[in-house]
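Colleague: Got a sequence here, can you model it:
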Amino acid sequence: MTQGKILVVDDQESIRKLVSMHLRKRGYEVFSACDGHDGLEKALEHHPDIIVSDLMMPGMDGIELCKRVKADKEMRETFFIMLTAKGKIEDKVQGFDSGADDYMVKPFNHHELLARVDAAMRIRLLQKELRSLSDLKDEFLGIAAHDMRTPLTVIKGWCDLFSDNLLGELTSEQREAIAGIGQQAALMLDLINDLLDVAKIETGKVQLSLSRCNVKSIIDDYLHAQALVASKKNITLVNNVPDDLEPVWLDPERVGQVLNNLLSNAFKFSPEGATVTVSAARNGNFIEVSVADTGVGIPPEDVDNLFKKFVQVSSKATRGEKGTGLGLAIVKKIVELHGGKVRVKSKMGEGSTFTFSLPIEKRKPSESQGTKIDKNLALSEN
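Modeller: Prediction:
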């Protein structure tokens, strides 16, 4: 049984044979390629754990090969060892900037090469174990969340029946207790639904249903749906979306989820009498949608962590509203699935503006999580 797969890429046949021989004696499954284009083809075919590549090669050099490999979502963790006769610091820096993980200068000692490859393979095995544990964790969360949703829905349903006096009159103390139970059940349902969304996205089970849509129409619908929530807090909703925006390829339900999360976030951190403004405009090949509030703002130290899972900012909701800590993480993941990005600008005491972009042209959903190289296209390039 082999210890792992290694691809050796070098335009010098003697080097390829020498390195391959030492690695095979070590028990590795070894493939070889004569240049960068051949190396990319072999990498796409075999998905090696480690690539040992020369830097200077005709056509596609080692730098470009490394960039292509690291840009592919299925090979981004491939350990890349660069071999070169160039030993200058700037050459090494260029190699590392391209994504290389290690660097060796020719002529090299085969004992050192084997030691570096063995160390790299240990890293790859640990990465695979961590990936497997992460997938197991996501699967467990999905199953647990799914199984918990039904009883919580029942609890919330009974609370609604009591609150509507459909099961008899309640005392004020009983009504307060039932309301508290209902609120906690609703919060738990939100958390569970968000957990299910995160688990599906991270395990690649979310498939966008893309269609060419009018962005303004979608925004209008969701602003109308949120109008009642805004009115309860005396918040003014302003729609600054122009009528002449180009149609965009998107999943209406998922983009609606992004809008809902951003609007809910704006309401939560805005005081009574505040204004929440939704605007949109074209920026190059993207349509950018912004949700701006005049709320409490976000502390500068919290901004970098906003889109991480389960993060709660230090700013306090103006009515003590609770959140799951997953809303903005879901926003980021959905936007990236579409091929866009999210950014935020905020100033304490003045409010925050969240902006997300959506590409006008249709893209593959997988492009957001790293480009999947088209093998035929890659091989046709000169």
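
Colleague: nearest residue to residue 234 other than its sequence neighbours?
Modeller: Of all residues not flanking residue 234 in the chain, residue 272 sits nearest, at 4.4 Å (CB to CB, 6 or more residues apart in numbering). Any C-beta I mention is one placed from the backbone N, CA and C, and that applies to glycine too.

Colleague: neighbours of the one you found, just the number please.
Modeller: By the criterion of other CB atoms under 10 Å, residue 272 has 10 neighbours.

Colleague: cool, and residue 109?
Modeller: Residues near residue 109, counting by other CB under 10 Å: 9.

Colleague: Could you pull up phi and psi at it?
Modeller: phi -90, psi 130 (degrees, to the nearest 10).

Colleague: Now do the domain split for this protein, please.
Modeller: Under the assignment automatic domain parsing, the domains of the chain span 5-108, 131-202, 211-368.

Colleague: before we move on, the earlier item: hang on, isn't the residue nearest to residue 234 packed against residue 232?
Modeller: No: the criterion here is CB atoms under 8 Å, and residue 272 misses it with residue 232 at 9.6 Å.

Colleague: weakest of the domains of the chain in terms of mean pLDDT?
Modeller: Per-stretch mean pLDDT for the domains of the chain is lowest at domain 131-202 (a mean of 81).

Colleague: Run the chain-centre distance for that domain.
Modeller: 26 Å (CA atoms, centre = their mean, to the nearest Å).

Colleague: Count residues in the vicinity of residue 333, would you?
Modeller: Neighbourhood size, residue 333 [other CB under 10 Å]: 23.

Colleague: does it really touch residue 201, like I thought?
Modeller: Yes: using CB under 8 Å, residue 333 is in contact with residue 201, at 4.6 Å.

Colleague: which SSE is the residue nearest in space to the middle of the chain in?
Modeller: Central residue of the chain (CA atoms, centre = their mean): residue 333, 4.3 Å from the mean position. When elements are defined using DSSP states H and E, residue 333 is found to belong to helix 327-337.

Colleague: helices and strands around that helix, which ones?
Modeller: Judged by 3 or more CB pairs under 8 Å, 6 or more residues apart in numbering; DSSP states H and E, the packing partners of helix 327-337 are helix 172-202, helix 252-268, strand 342-347, strand 351-359.

Colleague: coming back round to it: and the residue nearest to residue 234, helix, strand or coil?
Modeller: Assigned state for residue 272: coil (three-state reduction, DSSP: H, G, I helix; E, B strand; the rest coil).
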